[in-house]
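In: Provide a 3D model corresponding to the input given below.
(one chain, ligands or ions: 1)
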Amino acid sequence: MVNVTYSGNYADVMTDDKKQKLKQIHDGLYEKTGAGSDFLGWLDWPSGLSQSFLNNIKSTAEAIRGQADVLIVIGIGGSYLGAKAVIEALQPYFDKNPDFEVLFAGHQVSGAYLKELMAYVDDREVALNVISKSGTTTEPALAFRFLQKYMKERYGNEAAERIYVTTDEEKGALLTLAKEKGYKRFVVPDDVGGRYSVFTAVGLLPIAAAGFNVEGLVEGARAAENELKAFDAEDNAAIRYAAIRHDLYEQGYTNEVLATFEPKLSFVQEWWKQLFGESEGKEHKGILPLSVVYTTDLHSLGQYIQDGKRDLMESFLIVDEADEDLEVFEAENNADQLNYLSGLSLHDFNLVAYKGVSEAHLSGGVPQIGIHVSKLDEYNLGYLLYFYMLSCAYSAYLLDINPFNQPGVEDYKTAIFKLLKKPGY
Ligand SMILES: O=P(O)(O)OC[C@H]1O[C@H](O)[C@H](O)[C@@H](O)[C@@H]1O
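Out: Okay, here's the model as predicted:
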């Protein structure tokens with residue numbers, strides 16, 4: 001479950017007009033009549049997922065873990081952020097001898113990164129999962145060109161059994177290549193855009209290979225799908241979050257800073273930025289999504305947030321219970337003068353910090369939203385990610401924007417291709 005709190009008065013947000021508009025959006029979503037409704041496959045995807053699909057994901061992940069020590073996932077944007085977000089949120093900070101590692105490539109263009117990656121995995125068994133919905137994105141295609149050659153040189157014909165491709169069912173250069181080489185394939189559904197694809201094979205295969213419970217993740221998403229389906233202007237968390245941020249946007253708060261005290265959530269923040277940025281940032285409208293990790297960033301961006309230009313709202317992603325923790329102990333000489341904290345856990349310290357920071361930022365003119373999840377596990381992450389996807393659709397529709405396209409992304413690509421003299425540009 002996700003709980004949404006607000007520093008303002010929710011009754012002022014949920015006016016009769018707003019309620020009516022949200023009801024129309026709700027009906028358009030579930031009757032699939034709104035703008036971009038060809039891309040609503042994600043809406044009932046969790047409940048529609050078959051056990052045989054999940055079994056295929058799990059058995060492939062097992063096969064990968066059997067044949068390799070490292071899975072390199074090649075993808076960018078929606079084809080890597082979901083998996084990276086869930087894996088980073090669940091894996092330990094430090095692991096000297098991991099029995100299996102998931103690494104990423106193709107999410108930037110760095111010769112040093114790719115060279116060092118190939119050297120790093122050289123004494124371990126490797127498998128690849130190349131993910132691209134379009135099958136034509138330059139960065140992952142470039143990384144795959146190098147890594148495919150690497151695999152061929154290392155494994156010869158056996159390389160084909162170590163390469164897994166996740167792409168469109170019918171089109172794209174990657175599909176042609178996968179068919180030609182006989183790589184095992186998974187499908188990115190036509191009606192699910194990259195940033196809404198974490199519960200498809202795009203996210204599930206790397207997450208399962210990393211050793212996490214994909215059934216728990218899907219179960220959380222299913223609960224969210226089910227609980228957030230009904231129109232309820234007061235208690236539906238997805239509607240609440242969308243309505244509050246839209247109301248603030250209309251008052252001139254055009255930037256949203258997503259803050260967390262949990263460093264493991266920093267890629268959930270990155271995933272959220274793509275989700276909201278690409279969904280809403282169109283037609284010269286939209287809230288700019290930004291992120292900070294506290295308390296680290298209280299010592300850098302904290303000054304700006306407290307006191308800089310007043311066009312910020314802040315939403316806190318708070319995990320209520322900690323899995324692992326430390327308690328401050330009484331020191332004999334109290335030289336560091338921290339004995340006043342003894343007995344307090346570091347998690348509790350952060351919860352107090354949340355309260356203090358939130359009060360201070362509010363008094364500095366930054367409206368506060370709280371997004372609470374009970375703990376960091378597969379179920380709660382599944383719930384949270386679905387909640388954000390649904391809320392994002394409401395948010396974009398409140399701006400009268402199609403949440404599911406990204407026309408602006410093409411402009412810079414065209415400019416680069418022209419400079420590189422790509423045939424046809
Ligand atoms: O999965 P792909 O087709 O390779 O796309 C990867 C990413 O790049 C594109 O440029 C889009 O802006 C993103 O929405 C997409 O997630």
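In: For the stretch 1-150 of the chain, give me the ranges with low pLDDT.
Out: Under the criterion pLDDT under 70, no range of the stretch 1-150 of the chain is flagged.
In: For it, which segments count as strands?
Out: 3-6, 70-74, 101-105, 126-132 (DSSP state E, counting those that start in this stretch).
In: again, but for the stretch 301-425 of the chain
Out: Using DSSP E, counting those that start in this stretch, strands in the stretch 301-425 of the chain cover 312-319, 368-373.
In: and those as a markdown table, adding distance to L399, mean pLDDT and mean neighbour count?
Out: For glycine as for every other residue, the C-beta is placed from the backbone atoms N, C-alpha and C. As requested, the strands of the stretch 301-425 of the chain are arranged in a markdown table below (distance: least, CB to CB, whole Å; pLDDT from 0 to 100; neighbours: other CB atoms under 10 Å):
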| stretch | distance to L399 | mean pLDDT | mean neighbour count |
| --- | --- | --- | --- |
| strand 312-319 | 15 | 98 | 22 |
| strand 368-373 | 17 | 98 | 20 |
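In: got those strands as JSON lines, with distance to A11 columns?
Out: Converted to JSON lines, the strands of the stretch 301-425 of the chain look like this (distance: least, CB to CB, whole Å):
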{"stretch": "strand 312-319", "distance to A11": "18"}
{"stretch": "strand 368-373", "distance to A11": "16"}
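In: Of all those strands, which one is nearest the ligand?
Out: Closest approach to the ligand among the strands of the stretch 301-425 of the chain (CB to the nearest ligand atom): strand 312-319, 21.8 Å.
In: which secondary structure elements does the closest one contact?
Out: helix 237-250, strand 255-260, helix 346-363, strand 368-373 (3 or more CB pairs under 8 Å, 6 or more residues apart in numbering; DSSP states H and E).
In: what about the closest residue to the ligand within the stretch 301-425 of the chain, neighbour count?
Out: Residue of the stretch 301-425 of the chain nearest the ligand, by CB to the nearest ligand atom: V409 (3.8 Å). V409 has 10 neighbours, counted by other CB atoms under 10 Å.
In: correct me, but it touches S279?
Out: No. With contact defined as CB atoms under 8 Å, V409 does not count as touching S279 (11.9 Å).
In: Quick check: residues of the chain near the ligand?
Out: Within the chain, the positions adjacent to the ligand are 76-79, 132-134, 137, 140, 194-195, 278, 406, 409 by CB under 6 Å from any ligand atom.
In: out of everything not next to it in sequence, what's closest to K229?
Out: Y30 (7.2 Å; CB to CB, 6 or more residues apart in numbering).
In: Give me the neighbour count for the one you found.
Out: 15.
In: quick one on the thing from earlier: dump the strands of the stretch 1-150 of the chain into TSV; add mean neighbour count as well.
Out: Formatted as TSV, the entries for the strands of the stretch 1-150 of the chain read as follows, by neighbours: other CB atoms under 10 Å:
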stretch	mean neighbour count
strand 3-6	18
strand 70-74	26
strand 101-105	20
strand 126-132	27
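In: between those strands, which gets nearest to T260?
Out: Among the strands of the stretch 1-150 of the chain, the nearest to T260 by CB to CB is strand 3-6 (15.0 Å).
In: that older thread, and N236, which of the strands of the stretch 301-425 of the chain is closest to it?
Out: Closest among the strands of the stretch 301-425 of the chain, using CB to CB: strand 368-373, at 13.9 Å.
In: From the chain's centroid, how far away is the closest one?
Out: 17 Å (CA atoms, centre = their mean, to the nearest Å).
In: Run the angle between it and strand 312-319 for me.
Out: 20 degrees (axes from the mean of the first three to the mean of the last three CA atoms, to 10 degrees).
In: what's in contact with strand 368-373?
Out: With contacts defined as CB atoms under 8 Å, 6 or more residues apart in numbering, strand 368-373 is touched by 1-7, 241, 244-245, 313-320, 358, 361-362, 380-381, 383-384.
In: Ok, stretch 49-61 next?
Out: Contacts of stretch 49-61 (CB under 8 Å, 6+ apart): Y164, K184, F186, F199, A201, L204, L205, A208, A209, V214, E215, V218.
In: Kindly recompute the last result at 7 Å.
Out: Y164, A201, L204, L205, A208, A209, V214, E215, V218 (CB atoms under 7 Å, 6 or more residues apart in numbering).
In: Report the buried residues of whichever strand or helix holds the last one.
Out: For V218, the element it lies in under DSSP states H and E is helix 214-227. When burial is assessed from 16 or more other CB atoms under 10 Å, helix 214-227 yields the following buried residues: V214, E215, L217, V218, E219, G220, A221, R222, A223, A224, E225, E227.
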